[in-house]
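Visitor: sequence and computational prediction follow.
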Amino acid sequence: MMNDQTEGEKGKGASGNILLIDDDKFLVDMYSMKFAGAGFNVQACLSVADALRFLRDGFAAEAIVFDIVMPEHDGFSFLQTLDAEHLAPDAVKIALTNQGNDAEKAKAEGLGVDRYVVKASMIPSEVVEAVKEEVKKHGKKK
């Protein structure tokens, strides 16, 4: 896991805390650097199980960015667990996936996804901006 912050630093990021979940280590590392560079405190996870552990242990995410297709547990089961356990109810949920079909998108939106991003449709800096935009929008709804 990639987490360079101490317990006392959690929540102090200029842009807030972000939980990043993808089974592709290269993508996790690259997006972690991009989000950290944009002022986010990043908790990067290579599996749904790791992500759930951080949330259950109290990691307060303003945004959760996750892949849909992962081994063991996919993004859909992750969303169902978040709902069932009332984890991160106020976090913006963004699917960052290679799955571009409408049925997958509709299923994700039905499970509470705020934004559905196809990886190939945006460069990483655009993904960071999209997450910032969603966090800002979500903050105004509260």
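Guide: Received the coordinates, thanks. Treat the numbers as computed from the prediction; the structure is a model and nothing was measured.
Visitor: neighbours around Val28, how many?
Guide: Applying other Cβ atoms under 10 Å, we find 20 residues neighbouring Val28. Where C-beta positions appear, they are placed from N, C-alpha and C, glycine not excepted.
Visitor: rounded mean pLDDT for the helix or strand hosting it, please.
Guide: Using DSSP states H and E, Val28 sits in helix 25-37. Here helix 25-37 scores 96 as its mean pLDDT.
Visitor: please renumber the chain so that the first residue is 588 from this point on.
Guide: All set: I'll call the first residue 588, so the last point we hit is now helix 612-624.
Visitor: elements contacting it?
Guide: strand 603-608, strand 627-632, helix 711-728 (3 or more Cβ pairs under 8 Å, 6 or more residues apart in numbering; DSSP states H and E).
Visitor: between those, which one is closest to Ala693.
Guide: Ranking the helices and strands packed on helix 612-624 by proximity to Ala693 (Cβ to Cβ) places helix 711-728 first, at 18.5 Å.
Visitor: restricting to C-alpha, output that closest one in PDB.
Guide: Provided in PDB are the C-alpha atoms of helix 711-728 (Å, rounded to 0.1, in the frame of the first residue of the first chain):
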ATOM      1  CA  PRO A 711      -4.600  11.300 -16.400                       C
ATOM      2  CA  SER A 712      -4.600  15.100 -15.800                       C
ATOM      3  CA  GLU A 713      -8.200  15.200 -17.200                       C
ATOM      4  CA  VAL A 714      -9.200  12.400 -14.800                       C
ATOM      5  CA  VAL A 715      -7.700  14.500 -11.900                       C
ATOM      6  CA  GLU A 716      -9.700  17.500 -13.000                       C
ATOM      7  CA  ALA A 717     -12.900  15.400 -13.400                       C
ATOM      8  CA  VAL A 718     -12.500  14.200  -9.800                       C
ATOM      9  CA  LYS A 719     -11.900  17.700  -8.500                       C
ATOM     10  CA  GLU A 720     -15.000  18.800 -10.300                       C
ATOM     11  CA  GLU A 721     -17.100  16.000  -8.800                       C
ATOM     12  CA  VAL A 722     -15.800  16.700  -5.300                       C
ATOM     13  CA  LYS A 723     -16.600  20.400  -5.700                       C
ATOM     14  CA  LYS A 724     -20.100  19.600  -7.000                       C
ATOM     15  CA  HIS A 725     -20.700  17.100  -4.300                       C
ATOM     16  CA  GLY A 726     -19.600  19.600  -1.600                       C
ATOM     17  CA  LYS A 727     -22.200  22.100  -2.800                       C
ATOM     18  CA  LYS A 728     -25.000  19.500  -2.400                       C
END
